[in-house]
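Q: Build the 3D model from these lines:
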Amino acid sequence: MQRLVLLLAALIVVAATALAFPLSASAAGKDEFHLYNWNNYLAPETVKRFEEFCKCAVVQTYYSDNEELLAKLSAGAKGYDMYVPTSNAVQALIKSGRLKAIDKAELPNLKNIEPRYLNTPFDPGNKFSVPYAMSTTIIGYNDQKIKELGLPTDTWAVIFDPKHLEKIKGRVTVLDSANELFAAALKYLGYSANDVDPKHWDEAVAVIKKAKPYWAAFNASSYIKELTVGNIWLVHGYSNDIFQANLDAQAAGRKFRILQGMPKEGAVLAVDNMVIDKSAPRPDLAVKFMNFMLEGQNSAELTNLIGSGNPNMAAVKFIKPELLKNPAIFPDKTVAEKLEQLQDLTGAQRRLRNKLWTGIKAGR
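A: Model prediction:
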């Protein structure tokens, strides 16, 4: 009798647990598509439409930097179907044999991508990757505060030169990304963002260390919120994040606007790409998602949501006119000539960069 009572009690606990914690999609018998993505990089309505289309659940996990993505995968992370890395990270993933080759016959919408974003040195013939969206790494600023202080918004000097920074000490953040910050410092110095001369890297380190005491933080995630609430007045950040901060500021009824500043020295252009993991549990869903996102309307929803640049020609007619006129989102020819995509580093270069970065962060 005692055993029967214990058994009944156990069944009651199990039933209560099931009610408190609903079954996951897979446990409930629903297919799952696992996407390892940048935060806020897929419109909610697009997710819903794809889930209806594929009769599956989209499960997203997020990263804030390409190095974070690469490090997690190198540490053995598994279970993802797709990532959306930037071109230089795609190059690294191809070298490591991490990606599954694409069958272009399954991607009829690939024809929508503007040709200049295809067949790049990062992935000749697009054997492993398909362009998703673009952004520039630029200056974001509180128009009210920066105007009051008379600071320039078209040069990296406002991020690196102490004569400007002393007016906004503690109100500036830079990306917590060695690749992005070195690129900005190198452009400021008049070099290519992809310059790998160790002497030029030392110059960049000196520029960064000189400016560092004036910065509030290295921040690649919460700086959108900090801009929105007015705690931070100037950032080195991604164009789509700066766009989002401005939308949030307007929604909150702030009296200021968060604007984008394109440095005259040039900046980084990031083309993010859809890639499929070689050991993806559901590569079939990954291919479906790829072709789905190559449709004009679906691609345009991302641009309209976060202000990302767009390599999809079929998306243009669905994009808000004011976004098409924004040079930080759709750079004109003059601006585009000064933009560079970051290239992957060799093992030796990566080790040196990491050593220099550790010294910068540690204050050595």
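Q: What distance do you get for the spatially closest residue to residue 144 that is not a sequence neighbour to residue 137?
A: The spatially closest residue to residue 144, leaving aside those adjacent along the chain, is residue 256, at 3.8 Å (Cβ to Cβ, 6 or more residues apart in numbering). Quick note: C-beta positions are derived from backbone N, CA and C, even for glycine. For residue 256, the distance to residue 137 (Cβ to Cβ, to the nearest Å) stands at 22 Å.
Q: ok, now residue 98?
A: Remark: distance between residue 98 and residue 137 (Cβ to Cβ) = 25 Å.
Q: Of the two, which one has the most company?
A: Higher neighbour count among residue 98 and residue 137: residue 137, with 25 against 19, using other Cβ atoms under 10 Å.
Q: Secondary structure class of the more buried one, three-state.
A: Per DSSP: H, G, I helix; E, B strand; the rest coil, the secondary structure class of residue 137 is strand.
Q: That one against residue 268, yeah?
A: Yes: taking Cβ atoms under 8 Å as the definition, residue 137 is a contact partner of residue 268 at 4.2 Å.
Q: SS state for residue 78?
A: coil.
Q: What is the burial count for residue 320?
A: The number of residues packed near residue 320 is 12, by other Cβ under 10 Å.
Q: Confirm for me that it is in contact with residue 301.
A: No: the pair residue 320 and residue 301 fails to qualify as a contact (Cβ under 8 Å) at a distance of 10.9 Å.
Q: Could I get the full set of helices for the stretch 151-300 of the chain?
A: Per DSSP state H, counting those that start in this stretch, the stretch 151-300 of the chain carries helices over the ranges 157-160, 162-165, 178-188, 198-211, 223-229, 239-251, 283-293, 296-306.
Q: got the domain boundaries for this structure?
A: 31-134+272-330, 135-268+343-362 (automatic domain parsing).
Q: Give the rounded mean pLDDT of the last one.
A: To tie it back to what came earlier, the one meant is domain 135-268+343-362. Domain 135-268+343-362 comes out with an average pLDDT of 96.
Q: Same question for stretch 32-39.
A: The model assigns stretch 32-39 a mean pLDDT of 95.
Q: Distance from that stretch to the middle of the chain?
A: Distance of stretch 32-39 from the chain centroid (Cα atoms, centre = their mean, to the nearest Å) equals 13 Å.
Q: For that stretch, list every residue counted as buried.
A: 32, 33, 34, 35, 36, 37, 38 (16 or more other Cβ atoms under 10 Å).
Q: The third one: what's it in contact with?
A: Shown in contact with residue 34 (Cβ atoms under 8 Å, 6 or more residues apart in numbering): 59, 61, 79, 80, 81, 82, 280, 281, 282.
Q: Make sure I have this right: the first one is in a helix.
A: Put plainly, it is residue 59. No: under three-state DSSP, residue 59 sits outside any helix and is assigned strand.
Q: ok, residue 259 - how many residues close by?
A: Neighbours around residue 259, by other Cβ under 10 Å: 18.
Q: What separation is there between the nearest residue to it once chain neighbours are set aside and residue 151?
A: In space, and not counting its chain neighbours, residue 259 is closest to residue 143: 5.0 Å by Cβ to Cβ, 6+ apart. According to Cβ to Cβ, residue 143 stands 11 Å off from residue 151.
Q: So which of the two has more stuff around it?
A: A count of neighbours by other Cβ under 10 Å puts residue 151 above the other of residue 143 and residue 151, at 19 against 16.
Q: Could you double-check that that one lies in contact with residue 158?
A: Yes: between residue 151 and residue 158 there is a contact under Cβ under 8 Å: 5.5 Å.
Q: Point to the residue nearest the middle of the chain.
A: The residue lying closest to the centre of the chain (Cα atoms, centre = their mean) is residue 38, at 5.0 Å.
Q: Identify the bridge partners of that residue.
A: Legend: beta-bridge partners of residue 38 under DSSP bridges are residue 63.
Q: so residue 328 sits in a helix?
A: No: counting by three-state DSSP, residue 328 is not part of a helix but coil.
Q: Run through the residues that contact it.
A: Contact analysis of residue 328 by Cβ under 8 Å, 6+ apart lists 136, 138, 239, 242, 243, 260, 262.
Q: what about 10 Å?
A: Applying Cβ atoms under 10 Å, 6 or more residues apart in numbering, we find residue 328 in contact with 135-136, 138-140, 239-240, 242-243, 259-262, 267, 307, 309, 335.
Q: Identify the residue spatially nearest to it, adjacent ones excluded.
A: Distances taken as Cβ to Cβ, 6+ apart place residue 260 nearest to residue 328, at 4.0 Å, with adjacent residues excluded.
Q: What of residue 310?
A: With Cβ to Cβ, 6+ apart as the measure, residue 303 is the residue that lies nearest to residue 310, at 4.7 Å, once sequence neighbours are left out.
Q: isn't the one you found right up against residue 324?
A: Yes: using Cβ atoms under 10 Å, residue 303 is in contact with residue 324, at 9.0 Å.
Q: quick one, which of the two is more surrounded?
A: residue 303 (26 against 12).
Q: any idea how far the more buried one is from residue 309?
A: 7 Å.
Q: Name the residues contacting each of these two.
A: What both residue 303 and residue 309 touch, as defined by Cβ under 10 Å, 6+ apart, is the set 133, 134, 240, 323, 329, 330.
Q: which one of the contacts of residue 34 is nearest residue 313?
A: Proximity of the contacts of residue 34 to residue 313 (Cβ to Cβ) peaks at residue 82, which lies at 22.6 Å.
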